[in-house]
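*Asks:* dropping the sequence and predicted coords here.
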There are 2 protein chains.
Amino acid sequence: MENKTNRAYEVVIEAIKKKIKNGEIKKGEKLRPEREIAEDLGVSRASVREAIRALDVIGLIESRQGAGNYIKETFEESLIQPLSVMFLLEQNDFTEINEFRFILESQAAVLAAERIDEKDIKKLEELIDEMSKTSDEEKNVEIDRQLHYIIDNASKNRVISSILAVISELIDESIKGTRSELARKDAQNSKKLLEIHKELVDAMKNKSKKRAYEAMQRHREIIEI
Amino acid sequence: MENKTNRAYEVVIEAIKKKIKNGEIKKGEKLRPEREIAEDLGVSRASVREAIRALDVIGLIESRQGAGNYIKETFEESLIQPLSVMFLLEQNDFTEINEFRFILESQAAVLAAERIDEKDIKKLEELIDEMSKTSDEEKNVEIDRQLHYIIDNASKNRVISSILAVISELIDESIKGTRSELARKDAQNSKKLLEIHKELVDAMKNKSKKRAYEAMQRHREIIEI
């Protein structure tokens, strides 16, 4: 790390972060022109551009062509690149990522049991109804995903729901694989997953943190068979 | 997002990520020279450099001056920038970040209760011993941090311990503030924190997930008074 701190583009990044920290620039606001930033910091315009690109990639800045650079309003996207990098680098060993995901998803369900509103409960009940009527595994995968998405968001914690959304987007293919595989191996598994999801939704309806947590544990057990 | 996908530096990033995904480039390996990448993809060298910078900032690549660009061996650093961005943007509302952190830290303790080894238990006991002998709050803050660091790592889940390390680094100042404030408000709080940490370490010794979890709940309650 030592020799990195002197690089021009890093000086620019730190300067911008400092301005945000001090409240000099706020969410949604426009940065000064690249030329002015370069003059102020005594670096080249190319270095300023490199810094802006990097901040664009990590989701701090939105660089609108022809219109300048703006500080983002939300942070969800800032997690997508690094998490995707992590998954790419660790693709041979998903154990830790899966454990992390499962822990977050269980805790999201526990928070959701307290915080979910009637509208979302109604949507969950409709999904359970659909799930119990179909034996099409492709369709079940999609219902499954929607159901967990609603519960994750009902946690009302955007850090948790954003991370779960990113993980889901990045490893959806493998989830699909798991679910189809389970159903192929044993038709009973599909029925068990339906029961577990019913119990999970019922826990939401009854605002039972304990039952929500237990349903998620059973969910994990069946997936890991 | 629409008009972003056509940008030259994003084409380069996607091309590199694809090569990692396909296994054509692996951890620790060197990328081809920037000039060759530019020729292959039909983009300018400046675009390749911008992409490399961005991947350096998000921790996928280590750009060694004069020696070329290498794929990183570990992913811990890739979370630091986006999480720090998140914290900067959300600095007025730490509620969700604190909730996320507390959930992860509790679950890390639960995992650690099962996975911790004798060497770490010994270190924890020494820290508790130190904590019970000092009334210096500055020193207690440091012991407190070391203790949780050992437990977080004993979870043996590097995704979880990396995220906790990043959060801790980024908001250490505020933790220090909280602990000193608690001690100032009521000398009893310092004693209560000692008791809770003793219980936590005792739970580790007895490999009790339940007691580890409960100690963390009490820990949160006292911090949130």
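*Replies:* Okay, I see it.
*Asks:* residue A:54 and residue A:105, how far apart?
*Replies:* Remark: distance between residue A:54 and residue A:105 (Cβ to Cβ, to the nearest Å) = 31 Å. (C-beta placed from N, C-alpha, C; glycine too.)
*Asks:* what's the answer for residue A:222, then?
*Replies:* 14 Å.
*Asks:* just the strands in chain A please.
*Replies:* Assigned by DSSP state E, chain A shows strands spanning A:61-64, A:68-71.
*Asks:* need these in CSV with distance to residue A:140, can you?
*Replies:* Formatted as CSV, those follow (distance: least, Cβ to Cβ, whole Å):
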stretch, distance to residue A:140
strand A:61-64, 37
strand A:68-71, 41
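*Asks:* in chain A, which helix or strand is least confident?
*Replies:* None of the helices or strands of chain A scores lower by mean pLDDT, DSSP states H and E than helix A:80-89, at a mean of 70.
*Asks:* show me what contacts the residue lying closest to residue A:111 once chain neighbours are set aside?
*Replies:* Counting by Cβ to Cβ, 6 or more residues apart in numbering or on different chains, residue A:111 lies nearest to residue A:155, which is 4.0 Å off, once chain neighbours are set aside. Taking Cβ atoms under 8 Å, 6 or more residues apart in numbering or on different chains, we find residue A:155 in contact with A:107, A:108, A:109, A:111, A:112, A:115, A:161.
*Asks:* sort these by pLDDT and name the bottom one.
*Replies:* Among the contacts of residue A:155, residue A:161 carries the lowest pLDDT, at 91.
*Asks:* residues contacting that residue?
*Replies:* Taking Cβ under 8 Å, 6+ apart, we find residue A:161 in contact with A:108, A:152, A:153, A:155.
*Asks:* could you redo the last one with a cut-off of 10 Å?
*Replies:* The contact partners of residue A:161, by Cβ atoms under 10 Å, 6 or more residues apart in numbering or on different chains, come to A:76, A:104, A:108, A:111, A:112, A:149, A:151, A:152, A:153, A:154, A:155, B:96.
*Asks:* can I get stretch A:17-25 in PDB? Just the C-alpha atoms.
*Replies:* Output in PDB follows, covering the C-alpha atoms of stretch A:17-25 (Å, rounded to 0.1, in the frame of the first residue of the first chain):
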ATOM      1  CA  LYS A  17     -14.000  11.900  -0.300                       C
ATOM      2  CA  LYS A  18     -12.800  14.600   2.100                       C
ATOM      3  CA  LYS A  19     -15.200  17.100   0.700                       C
ATOM      4  CA  ILE A  20     -18.100  14.700   1.100                       C
ATOM      5  CA  LYS A  21     -17.000  13.900   4.600                       C
ATOM      6  CA  ASN A  22     -16.900  17.600   5.500                       C
ATOM      7  CA  GLY A  23     -20.300  18.200   4.000                       C
ATOM      8  CA  GLU A  24     -18.900  20.500   1.300                       C
ATOM      9  CA  ILE A  25     -20.500  18.300  -1.400                       C
END
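*Asks:* tell me the predicted confidence for residue A:170.
*Replies:* 69.
*Asks:* what do you get for residue A:91?
*Replies:* If you check residue A:91, the pLDDT there is 61.
*Asks:* what about the helices in chain A?
*Replies:* In chain A, the helices defined using DSSP state H lie at A:8-21, A:34-41, A:45-57, A:80-89, A:95-115, A:118-133, A:137-154, A:158-185, A:187-205, A:209-223.
*Asks:* among those, which is nearest residue B:34?
*Replies:* Ranking those by proximity to residue B:34 (Cβ to Cβ) places helix A:45-57 first, at 12.9 Å.
*Asks:* the closest one packs against which elements?
*Replies:* helix A:8-21, helix A:34-41, strand A:61-64, strand A:68-71, helix A:80-89, helix B:8-21, helix B:45-57, helix B:80-89 (3 or more Cβ pairs under 10 Å, 6 or more residues apart in numbering or on different chains; DSSP states H and E).
*Asks:* tell me which of the ones you listed sits most buried.
*Replies:* Looking across the helices and strands packed on helix A:45-57 with neighbours counted as mean count of other Cβ atoms under 10 Å in any protein chain shown, the highest average goes to helix B:45-57: a mean of 23.
*Asks:* now do that one against helix A:45-57, angle only.
*Replies:* Compare the direction of helix B:45-57 with that of helix A:45-57 by axes from the mean of the first three to the mean of the last three Cα atoms, to 10 degrees and you get 50 degrees.
*Asks:* who has more neighbours out of residue A:222 and residue A:105?
*Replies:* residue A:105 (21 against 14; other Cβ atoms under 10 Å in any protein chain shown).
*Asks:* who's in contact with that one?
*Replies:* With Cβ under 10 Å, 6+ apart, residue A:105 has these contacts: A:148, A:151, A:152, A:155, A:160, A:164, A:167, A:168, A:216, A:219, A:220.
*Asks:* can you say which of the residues you listed are buried?
*Replies:* If you count burial by 16 or more other Cβ atoms under 10 Å in any protein chain shown, the buried members of those come out as A:148, A:151, A:152, A:155, A:160, A:164, A:167, A:168, A:216, A:219.
*Asks:* quick one: which of the residues you listed is nearest chain B?
*Replies:* residue A:160 (5.5 Å; Cβ to the nearest Cβ).
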